[in-house]
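In: Sequence plus predicted model, see below.
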Amino acid sequence: MHDAGKVIPGIIAFVLFVTVPFWTNFGKAAPKPQPEIPKEYKKCVESKEFMRREHMKLLRKWRFDVVRNNMRIYINSEGKPINMSLQNECLRCHSSKKKFCDVCHDYVAAHPYCWNCHIPPEERKGWATKEVKSLTEEASSEQPASHH
Amino acid sequence: MLEKALVGSKKYYALVFFLAAIFLVGFFFFLKQLKFGLGITGMSRDVSWGFYVAQFTYLVGVAASAVMVVLPYYLHNYKDYGKLTIFGEFLAIGAVTMCLLFIVVDIGQTHRLFNVLLHPTPHSMLFYDMIVLNGYLLLNLICGWTALHAVYKGTKYPSWVKPFIYLSIPWAFSIHTVTAFLYAGLPGRHFWLTAVMAPRFLASAFCSGPALLLILIYIVKAFTRFDPGEKAIRALAKTITYALLANLFLFGCELFTSFYSGIPGHQFSIKYLFAGLHGHMKLVPWMWTAYALMLVAAVLLVIPQTRNNLGLLPLLCVLVVIGTWIDKGMGLIVGGFVPNPLERITEYMPTFPEVMISVGIYAAGFLIITVLYKIAISVMESRGLI
Amino acid sequence: MVIDTRVCQKYAPCEDCIHACHHLHNVPQIPYKKHEVKWIWKDEFEHAFPDTAHEYANEVLHGREFLLLCNHCEHPPCVRVCPTQATFKREDGIVMMDMHRCIGCRFCMAACPYGSRSFNWRDPRPFIKNPNPRYPTRMKGVVEKCTFCTERLAEGKLPACAEACKHGAIVVGDLADPNSEINKILREHFTLRRKVHLGTGPSVFYII
Ligand code: SF4
Ligand code: SF4
Ligand code: SF4
């Protein structure tokens, strides 16, 4: 084999490169995630095991039913009707996204973008930065006064 | 054959690196766009498509125009185009790739692009556009590559590609027809709502595409031993001439319908483009430039002495390319949005990042074309064909 | 939906409906005109009805402002062109947006002859001053428009704009039912629809 002198170090360098995340995390096993379970409530939509495994599928189905089929009530395996809403139903009990959702999602490096639109409890106050606030106030003061 | 792309002259490497560098600059701005959103461009609620879609439309035409060399060669056995067809097909590959990239940068949710496949929607023209464009890319890859491979092996192209070649001919017409239908089927956009949209698209494609091909061929000719032959060049010049005349004629038809009928809605966009509307006239100089260039080119191409002047021809091609590029790109797209459905006027000009992203895509496309042309030239050289 | 523009004119410049809708649905107030997002807004006769307006129109019409929103067309071009069915027509006739699916190609914006649609050119959140925690926002890169308050209809409530109007200018009902209140109003009044000649069949009527 000609060029073995170049090829073999090349392969080694490549292998090292693609395994960089592995090496940088080596020996730093993160502790098992402990999402905070709401105390006041005993039962979720379905069993704990089901929710742990299937919550994303369930939410996807809900999303489809609500937006596209105009169906808003989910009947769970116990026959109990539940309002299909992430923002208004799930988060009613799970009152913190940080202490619940994010705990596992961060652990497995999943970044669901539900929160780009659905408002987590932590952010109910809004996002307006100072600069934008003054801009919008300016704009609204230009319009005729509104009656509230 | 691919290895031919890896060894070349210094100039070849320089060009490849230059194009790759520009592509990276464009990519950098694309990352910025991903971060901020499409608000980084000059587009707005009223002019919701702009420079990207304009480039897309123009390049679909360039891609479709490969048929202008493929058709005479394969259907009419016009031998003089023998060497040109591969270049035509490779230009189409580059052009379709750019089209697809322009779609990628234009949509707001880039990572959801595949929703178009996940939820196929046969009543949407965009769905067909996606099919025909990708199909056309594939067809040209198959036809161009096997044709070149045959040259490489010193044989005739295998008979199994024949059906693909024949298919690619109507397919080329289809890509531009469907692209015209994107616009021509929308109620309330008077400027686009016209049955001659598809014919006009084809006409402008069949002058601008071959003109671009000729310019590229002249460049290739200057740097390599490749020569398609005077006869081929002259024949292509005739195609450009007829198509350009058809394009201008169809535009004249539009003018007649709009102004003889006297319906205001049909006139607004044209007035905006050529005279300005209520003092808004950003595109006026551009449009007059476009039509001046096309008219001058048309006159000089019609006169046999100037058309057959092989030194002047590339210059005329440049006029055609620039003229149609303005007319069919910005003119057609932005013109359709001004005035808006409420007859209010919002003007549009691309922003710097928008232009840089577009330039980056052009660099990517021309990089592909450069590499493909390089392979083709090397193969032909190795066979002693040039 | 029927809008009695005489009432709107009488109480001008009242914008209760607009504020109610935009607050409830977390529609951002973006001061930069080109990036504007709006579901319901007002414009003059010449712009609301460009094909009907003429220079001899009487003063009353001239000064009147018209509420504009998605017409929930019977044959909606926006639905026809959408490549992903992110815009679709429900069985009850409401033209609905699925923001989870929209790829932001803006084909629907080119197709809508009424300018009813807005695109999120940037992250809208910083421009929502006082968000409604019960309704989502949108993210950059999707198109949005009036959804006819499907979330409220499901609870048996009226659309927010109709409810917010203290003067009863907005009446909502079932066009398919010949005995409905709305059909009665339509029989008794002279109404206009926007750009009927395009064949879209708009479902918003204006009492003049
Ligand atoms: S008004 Fe526009 S957005 Fe609304 S249904 Fe009609 S075409 Fe679609
Ligand atoms: S922007 Fe969204 S809703 Fe509009 S046509 Fe494209 S995918 Fe459909
Ligand atoms: S019907 Fe609902 S979404 Fe539509 S304009 Fe009225 S309040 Fe807004």
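Out: Sure, I can see it. Ligands and ions are numbered 1, 2, ... in the order given.
In: Which single residue in the stretch 1-150 of chain B comes nearest to ligand 3?
Out: B:R45 (16.5 Å; CB to the nearest ligand atom). Where C-beta positions appear, they are placed from N, C-alpha and C, glycine not excepted.
In: and the gap between that residue and C:K145?
Out: 11 Å (CB to CB, to the nearest Å).
In: Share the number of residues neighbouring residue 9, please.
Out: Went with chain A since none was named. 10 (other CB atoms under 10 Å in any protein chain shown).
In: that's the wrong chain, I wanted chain C
Out: Counted by other CB under 10 Å, the residues lying close to C:Q9 total 17.
In: Show me what the helix or strand containing it is packed up against.
Out: Using DSSP states H and E, C:Q9 sits in helix C:5-10. For helix C:5-10, the elements it packs on are strand C:65-69, strand C:205-207, judged by 3 or more CB pairs under 8 Å, 6 or more residues apart in numbering or on different chains; DSSP states H and E.
In: contacting residues for the spatially closest residue to A:H94 that is not a sequence neighbour?
Out: Counting by CB to CB, 6 or more residues apart in numbering or on different chains, A:H94 lies nearest to A:F100, which is 4.5 Å off, once chain neighbours are set aside. Applying CB atoms under 8 Å, 6 or more residues apart in numbering or on different chains to A:F100 gives the contacts A:P35, A:E36, A:I37, A:H94.
In: Counting neighbours, what do you get for B:A184?
Out: Around B:A184 there are 19 residues (other CB under 10 Å).
In: got it, and A:K125?
Out: Residues near A:K125, counting by other CB under 10 Å: 10.
In: Helix or strand: which one has the residue of chain C most remote from its centre?
Out: Within chain C, C:Y56 marks the point farthest from the mean C-alpha position, 28.0 Å out by CA atoms, centre = their mean. If you go by DSSP H and E, C:Y56 is not part of any helix or strand.
In: pLDDT weak spots in chain C?
Out: By pLDDT under 70, chain C contains no weakly predicted segment.
In: the helices in it, which residues?
Out: Secondary structure of chain C (DSSP state H): helices at C:5-10, C:16-24, C:45-48, C:59-63, C:77-81, C:107-111, C:150-153, C:160-164, C:181-188.
In: same thing with the stretch 251-386 of chain B?
Out: For the stretch 251-386 of chain B, applying DSSP state H, counting those that start in this stretch gives helices covering B:264-274, B:284-302, B:304-307, B:313-325, B:332-337, B:352-382.
In: still on that earlier bit, okay, the residue nearest to A:H94: pLDDT?
Out: Predicted confidence (pLDDT) for A:F100: 92.
In: So what does it have for phi and psi?
Out: According to degrees, to the nearest 10, the main-chain angles of A:F100 amount to phi -120, psi -70.
In: related to what we said a few turns ago, quick check: PyMOL command selecting the buried ones in the contacts of A:F100.
Out: Restricted to buried positions by 16 or more other CB atoms under 10 Å in any protein chain shown, the PyMOL selection for the contacts of A:F100 reads:
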select buried, chain A and resi 94
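In: ok, the contacts of A:F100 vs ligand 1, which is closest?
Out: For the contacts of A:F100, the nearest to ligand 1 is A:H94 (35.6 Å; CB to the nearest ligand atom).
In: was I right about that closest one contacting A:C101?
Out: Yes - A:H94 is in contact with A:C101 according to CB atoms under 8 Å; the separation is 7.2 Å.
In: how close does B:L283 sit to B:Y272?
Out: Applying CB to CB to B:L283 and B:Y272 gives a distance of 7 Å.
In: got it, and B:G82?
Out: B:G82 sits 46 Å away from B:Y272 when distances are taken as CB to CB.
In: Between those two, tell me which one has more neighbours.
Out: Higher neighbour count among B:G82 and B:Y272: B:Y272, with 25 against 17, using other CB under 10 Å.
In: how about the more buried one, what does it touch?
Out: Here B:Y272 is in contact with B:H280, B:M281, B:L283, B:G335, B:V338, B:P339, B:I345 (criterion: CB under 8 Å, 6+ apart).
In: Highest neighbour count among the residues you listed?
Out: The residue in those with the most neighbours, by other CB under 10 Å, is B:V338 (24 neighbours).
In: pLDDT score assigned to that one?
Out: So B:V338 comes in at 92 (pLDDT).
In: That one and B:E347 touch, don't they?
Out: Yes - contact criterion CB under 8 Å: B:V338 and B:E347 qualify, at 6.9 Å.
In: re earlier: hey, what's in contact with both of B:L283 and B:Y272?
Out: Shared contacts of B:L283 and B:Y272, counting by CB under 8 Å, 6+ apart, come down to B:G335.
In: quick one: C:C108 from ligand 2, how far?
Out: 3 Å (CB to the nearest ligand atom, to the nearest Å).
In: show me the residues around the closest residue to that residue other than its chain neighbours that make contact.
Out: For C:C108, ignoring the flanking residues on the chain, the nearest one in space by CB to CB, 6+ apart is C:C78 at 3.9 Å. Residues near C:C78 by CB under 8 Å, 6+ apart: C:T87, C:V95, C:C108, C:A111, C:C112, C:R117.
In: do the same with B:A205
Out: The contact partners of B:A205, taken as CB under 8 Å, 6+ apart, are B:V60, B:G61, B:V62, B:A64, B:S65, B:H176, B:A243.
In: The closest residue to C:P50 other than its chain neighbours: neighbouring residues, count only.
Out: Distance criterion CB to CB, 6+ apart; nearest residue to C:P50, sequence neighbours excluded, is B:E343 at 4.4 Å. Neighbour count of B:E343, defined by other CB under 10 Å: 21.
In: do you know how far B:E343 is from C:D51?
Out: Distance, B:E343 to C:D51, by CB to CB: 9 Å.
In: So the residue nearest in space to the middle of chain A versus C:E144, what's the distance?
Out: Nearest to the geometric centre of chain A sits A:P112, at 4.2 Å (CA atoms, centre = their mean). In this view, A:P112 and C:E144 are 21 Å apart by CB to CB.
In: Equivalent analysis for B:G323, please.
Out: In terms of CB to CB, B:G323 sits 39 Å off from C:E144.
In: Looking at the two, which one has more neighbours?
Out: Neighbours were counted for B:G323 and for C:E144 using other CB under 10 Å; B:G323 has more, 27 against 21.
In: tell me the contacts of that one?
Out: So B:G323 contacts B:T289, B:A290, B:Y291, B:A292, B:L293, B:M294, B:A297 (CB under 8 Å, 6+ apart).
In: Now the fourth one. Nearest residue, chain neighbours left out?
Out: Taking CB to CB, 6+ apart, and ignoring the residues beside it in sequence, B:A292 has B:G323 as its nearest neighbour in space, at 7.9 Å.
In: Same question for the fifth one.
Out: Counting by CB to CB, 6+ apart, B:L293 lies nearest to B:G323, which is 3.6 Å off, once chain neighbours are set aside.
In: Same check on the last one?
Out: Nearest residue to B:A297 in three dimensions, chain neighbours excluded: B:L319, at 4.0 Å (CB to CB, 6+ apart).
In: Next: the first one.
Out: Counting by CB to CB, 6+ apart, B:T289 lies nearest to B:I326, which is 6.5 Å off, once chain neighbours are set aside.
In: so the residue sitting nearest the centre point of chain C bridges to which residues?
Out: In chain C, the residue lying closest to the centroid (CA atoms, centre = their mean) is C:L69, at 1.8 Å. With DSSP bridges as the criterion, C:L69 is bridged to C:I40.
In: What pLDDT does the model give the nearest residue to C:P113 once chain neighbours are set aside?
Out: Residue nearest to C:P113 in three dimensions, not counting chain neighbours: B:G188, with 2.6 Å by CB to CB, 6+ apart. At B:G188, the model reports a pLDDT of 89.
In: Lovely, talk soon.
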